[in-house]
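Enquirer: Would you be able to build a 3D model of this:
(one chain, ligands or ions: 1)
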Amino acid sequence: MLLRLRDVKKTYGAETPVLRGVSFDMNAGEMLALTGESGSGKSTLLHLIGGLDTADAGVVAVQGTDLTGLDDAGRAGLRRGTVGVIFQQFNLIPSLNVAANIAFQARLAGRFDPMFADDLAQRLGLRDHLHKYPEHLSGGQQQRVAIARTLAPRPALVLADEPTGNLDEATADTVFALLCDLVADTGAGLVLVTHSERLAARMGRRLHLRAGLLT
Ligand SMILES: Nc1ncnc2c1ncn2[C@@H]1O[C@H](COP(=O)(O)OP(=O)(O)OP(=O)(O)O)[C@@H](O)[C@H]1O
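Expert: Got it, this is the predicted structure:
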């Protein structure tokens, strides 16, 4: 089992609960769309799975490891090696060129494989841009670098939060197709948060959040 959630709850401060008991399982290699209205808790759920935040109650287990039992360092280690996150804002490191951005997380995780990084760069059409800095790239190119950086450590689970939301439709389609192909080839699981019916329909499975629960 790649991912197991049981009765996950999350409330920010004294607000009404955002997640009121979310449970689902996900197998290795599965591709899943997470949809729901704005404010329904999609990003919150993704952050809990990625170990970027902690649940108030429940189990969030990645490959059998319950994140709720890990300290900050443990969750950071998991993020580096096992789980990769791609955000809408590409979050590249401006002072590093494309090659170094792609290598960054894999090096941190002690899992840098130059041949695989080169293969990713090739497949994402980044070979001619390896010495450029992020500010000199288009949005579509920056997101392709972010995808390569996330996939370089060969994570078992990829989390993507509106990964093509900042791109025009044609570029978004190209980048999305590349992301799906690469994730499928590496055998990783994918959780895709999206508002797009079109993109959600291309995932093998769909979960919908409403009022803090999956429907
Ligand atoms: N760090 C935080 N502190 C306080 N409230 C938060 C925090 N993060 C999210 N929220 C609140 O939790 C609720 C769910 O937010 P979340 O970002 O998970 O929704 P979402 O479904 O991803 O929305 P969108 O589709 O608009 O991105 C919202 O009411 C939001 O205001």
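
Enquirer: can you pull the buried residues of the longest helix that the chain contains?
Expert: For the chain, the helix that runs over the most residues, judged by DSSP state H, is helix 169-186. By neighbour count on 16 or more other CB atoms under 10 Å, the buried set for helix 169-186 is T171, A172, V175, F176, L178, L179, C180, L182, V183. All C-beta atoms are positioned from the backbone trio N, CA, C, and that covers glycine.

Enquirer: Also stretch 117-127?
Expert: Across stretch 117-127, burial judged by 16+ other CB under 10 Å covers A117, L120, A121, R123, L124, L126.

Enquirer: With stretch 150-168 instead?
Expert: Neighbour-count burial for stretch 150-168, counted by 16+ other CB under 10 Å, picks out 150-167.

Enquirer: Inside strands: which ones of those?
Expert: In strands, defined here by DSSP state E, the members of the buried residues of stretch 150-168 are L157, V158, L159, A160, D161.

Enquirer: wait, which of those residues is closest to E15?
Expert: E15 has its nearest neighbour among these in D161, at 20.7 Å by CB to CB.

Enquirer: pretty sure the closest one contacts I49?
Expert: No: applying CB atoms under 8 Å as the test, D161 and I49 come out as separate, 10.8 Å apart.

Enquirer: what angle separates the longest helix of the chain from strand 157-161?
Expert: Counting by axes from the mean of the first three to the mean of the last three CA atoms, to 10 degrees, helix 169-186 lies at 170 degrees to strand 157-161.

Enquirer: List the contacts of helix 169-186.
Expert: With contact meaning CB atoms under 8 Å, 6 or more residues apart in numbering, helix 169-186 is reached by 29, 31, 86, 120, 123-124, 138-140, 143-144, 147, 151, 154, 158, 160, 163-165, 167, 190, 199, 202.

Enquirer: What residues does the protein have near the ligand?
Expert: Counting by CB under 6 Å from any ligand atom, the positions of the chain adjacent to the ligand are Y12, V18, G36, S38, G39, S40, G41, K42, S43, T44.

Enquirer: do you know how far the fifth one is from F90?
Expert: Applying CB to CB, to the nearest Å, one obtains 24 Å for the distance of G39 from F90.

Enquirer: higher neighbour count, the two?
Expert: Of the pair G39 and F90, F90 is the one with more neighbours under other CB atoms under 10 Å, namely 22 against 10.

Enquirer: How about the contacts made by the more buried one?
Expert: F90 makes contact with P134, G139, Q142, Q143, V145, A146, N166 under the criterion CB under 8 Å, 6+ apart.

Enquirer: just R6 next, same as before
Expert: S23, G58, V59.

Enquirer: ok, the second one touching D7?
Expert: To tie it back to what came earlier, the one meant is G58. Yes: under the criterion of CB under 8 Å, G58 makes contact with D7 at 4.3 Å.

Enquirer: nearest to the ligand, of the buried residues of stretch 117-127?
Expert: Closest to the ligand out of these is L124 (25.7 Å), distances taken as CB to the nearest ligand atom.
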